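Enquirer: Next one to model:
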Amino acid sequence: MTSFLTEAQRAALDAALAERQQLAAKGGKGSAHHHATSTGPHAGDRKYKGSKGSGATKKGGAGGKFTWGRMLEGEIGVSPLDKNDPNYDSDEDRAVTMAAREPHNRLREEVAAYKQEITAIVEEYFSSGDVSNAADSLSELGATETMGHYFVKRLITLALDRKDKEREMASSLLSNLYAEVLPGDQVQKGFAKLVESLDDLRLDVPDAVELLSLFIARGVVDDILPPACITKWSSGAPEGSSLAALKARCELHLAARHSAERMLRCWGSGAGQSHAETKERIAKLLEEYLDSLDVSEASRCLRGLSVPFFHHELVKQAIHIGMEQPNQVDNVINLLKKMSDTNEVNTSQLSRGFQRVANNLPDTTLDNPAAHEQFTRVLDAAAAASLLEADAVADLRRAAAGGPAEQRPISAASATSNGLAAAAAAAAAANGVGGAGVPAFKLAMTSALKEYFNSADTSEVAARLLELDEPGLHPLFVKQVVTLAMDRRDREREMASGLLSSLHPQVITPDQMVSGFTRLLASADDLVLDIPDAVHLLSLFLGRAIVDEVLAPAFLANCLPSLPDGGLGITVVQATGAMLSQRHAAERLQTCWHGGGLSLEDVRKQMRDALDEFMVAGSSTEVAAVLQDLGLPHFHHELVKAAVELSFEHPDKSQQFAALLRQLSETGVISSTQLAQGLKRVQDRLADEALDAPAAPAAFAKLLEQAGNEGWLPPEMSAASAGQ
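Expert: Down below sits the predicted model:
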């Protein structure tokens, strides 16, 4: 694959950068001359290097340079350290003592700095789940052969005070790093240090004995610890001590039947990072709840998942259970009601779950004709239990019937579907937005963004922006989104990039987006004072925005005249241009925040599944929804390619696929650039396609001709169409 930037775009950026460098060079000549000829009060203070010393006697009787120096001293320059000596100098004694302590102080500082770095690596890993990134960070930090045990101890200590998800992640990480990044002796030393501090650990984590025994037993099963280490560490432990209890628990775990299989699942079903696994665990949670009707246990399991931004999936699955099993309607509504009352599931997630079911109801009806009546029954039960307000219920009924609510994700009315319109208006009134100006707007949006980082509800942010009705301040919002995310973790940075992509262009116009990023680049010198890595982070945000088609590639060249001379904003533009010029730049930037996104194979599979479903149901809306959920606008060319190839395999469906591509192009779901790229990929492979489908070249020529006649053929393909 070629670089993301075309040759023309790269040439334009290089020319703009060269022009800025020439201007900077012209502006710098005067200042350079000024420094060379300055005549300030200290202009003549430079000393001649060849001048000799004054010969004055130094401290302790020694002469200066070119003097006879000190007599009767066997070791030149060393003062007597005997306190009874007439020449004893307490300052010299203190200096020698400090010099002796200096290596120890330096080592202590190095260890403290190392611990701080590894803590950041562990926190980042728990946030992103990226094993390779953690391995690379630890390798770059170095010193694993001597200080790797600090990493092992810190990793497990932080995991002890978290949930099973992070404990499984810690065990998996140690298994992956063993021998390749962390030497075996350092892993054992790290566990030994944990065992030594077991009594201290119990003060903060009461069940530290049980948890540490599971970590040790899991390490033995994973072959990163020898079985004999348990006996070695606990030798001489008095009866009834924490160490003796730890040994007993470890032996019990490893002596049980099927101990290896049990230890591999000792933290539950694992880190649960995949989307499919999380959905399975939610389904299992609901299944167990319907058997026991234990709300507290269901709440505990939900907290254990640690996915508050995904609670809408629980709501959706619970509604589907109520629709399919009428006798369980009261039970699932009772569960949702109690979780809502305790804020286990917040209002935003509850509304989003109901909205998902309502929006997909037309498709559900294809498989279940009674789905509409069943959903109405669940809605009635929710209203009777005061789970939803009457306005929200009415809006959901309209959405289920295919009414205007389906178009609300980008309008102020979508806030009503989440029960938030009144709250947004009240917040705007309370903050004085609408007439109070910039401070009130910033205050309101800071609150909205903090809530978004917890709920991941983009429609709520869109509704708040539209309720505030300050389009002139939207560039400030763009800058605020990125600035807040920069000082957080990769999860929030990924959410910020996704938010900007979702709001563009319906809520935030292209001009507002350009103005917002220009403001960001202009303030790079100030940002770096608070965020040392600001230049790198800004280049990633800027590159991601271009890949997501939030900004045009030409922005890099066009923004340069607005940036201050010699500012870091120009450096950010240069770094972004370099990244976008690399091979596979789009794929790299799409996963730049290590957000646990889908692999390209998974994306291809989802697109192919959507097209297979389209051949059966004929719903282009569902295909558009899949593309929107994937959030990979730079990869839409893959769907174009797959659709054309399927039309070759199924000639009777060729008009259906042509209509799909036309609708996706005309509605802006697939950009002209992505459409052209997909068609070009098919064109380049026509010879191979003809081996399996001899009629492929003629079918492709007919498709291009039809696209040209209907007005949706990209300009890049017009010449190709004319030449065929």
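
Enquirer: contacts and neighbour counts: CA atoms only from here.
Expert: Noted.

Enquirer: So residue 479 lies in a helix, does it not?
Expert: Yes - under DSSP: H, G, I helix; E, B strand; the rest coil, residue 479 sits within a helix.

Enquirer: Might one say that it is in contact with residue 517?
Expert: Yes - assessed by Cα atoms under 8 Å, residue 479 is found in contact with residue 517 at 6.5 Å.

Enquirer: More neighbours: the two, which one.
Expert: Per other Cα atoms under 10 Å, whichever of residue 479 and residue 517 has more neighbours is residue 517, with 23 against 19.

Enquirer: which ones are touching that one?
Expert: 475, 478-479, 542 (Cα atoms under 8 Å, 6 or more residues apart in numbering).

Enquirer: Dump those into CSV; add pLDDT and distance to residue 311 as well.
Expert: Converted to CSV, those look like this (pLDDT from 0 to 100; distance: Cα to Cα, whole Å):
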residue, pLDDT, distance to residue 311
475, 91, 31
478, 93, 27
479, 92, 29
542, 92, 31
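
Enquirer: Of the residues you listed, select the buried ones using a PyMOL command.
Expert: The following PyMOL line selects those of the contacts of residue 517 that are buried, judged by 16 or more other Cα atoms under 10 Å:
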select buried, resi 475+478+479+542
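
Enquirer: from the contacts of residue 517, which is closest to residue 266?
Expert: residue 542 (42.3 Å; Cα to Cα).

Enquirer: That closest one: what's it in contact with?
Expert: The contact partners of residue 542, taken as Cα under 8 Å, 6+ apart, are 517, 576.

Enquirer: Please identify the helix or strand for it.
Expert: In the assignment (DSSP states H and E), residue 542 maps to helix 534-547.

Enquirer: Export only the CA atoms of that helix, formatted as PDB.
Expert: The C-alpha trace of helix 534-547 is given here as PDB (Å, rounded to 0.1, in the frame of the first residue of the first chain):
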ATOM      1  CA  ALA A 534       2.600  17.300  23.700                       C
ATOM      2  CA  VAL A 535       4.300  17.500  20.300                       C
ATOM      3  CA  HIS A 536       4.100  13.700  19.800                       C
ATOM      4  CA  LEU A 537       0.500  13.500  21.000                       C
ATOM      5  CA  LEU A 538      -0.600  16.500  18.900                       C
ATOM      6  CA  SER A 539       0.900  14.900  15.800                       C
ATOM      7  CA  LEU A 540      -1.000  11.700  16.500                       C
ATOM      8  CA  PHE A 541      -4.300  13.600  17.000                       C
ATOM      9  CA  LEU A 542      -3.700  15.600  13.800                       C
ATOM     10  CA  GLY A 543      -2.800  12.500  11.800                       C
ATOM     11  CA  ARG A 544      -5.800  10.500  13.100                       C
ATOM     12  CA  ALA A 545      -8.100  13.400  12.200                       C
ATOM     13  CA  ILE A 546      -6.800  13.400   8.700                       C
ATOM     14  CA  VAL A 547      -7.100   9.600   8.400                       C
END
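
Enquirer: Which positions within it qualify as buried?
Expert: Those would be 534-535, 537-547, for helix 534-547 by 16+ other Cα under 10 Å.

Enquirer: One more: stretch 229-245?
Expert: Buried residues in stretch 229-245, defined by neighbour count with 16+ other Cα under 10 Å: 230, 233-234, 242-245.

Enquirer: before we move on, back to that, and the next element down the chain from the helix holding residue 542?
Expert: Where DSSP H and E defines the elements, the next helix or strand beyond helix 534-547 is helix 555-558.

Enquirer: Could you pull out the buried residues of that next one?
Expert: 555-557.

Enquirer: And for stretch 173-185?
Expert: For stretch 173-185, the neighbour count (16+ other Cα under 10 Å) marks 173-178, 181-185 as buried.

Enquirer: Mind checking which of these land in helices?
Expert: Counting by DSSP state H, the part of those found in helices is 173-177, 184-185.

Enquirer: can you give me the helices for the stretch 351-500 of the chain?
Expert: 361-367, 371-384, 390-400, 414-417, 421-431, 438-455, 458-468, 474-486, 490-503 (DSSP state H, counting those that start in this stretch).

Enquirer: If anything else comes up later, I'll come back, but that's it for now.
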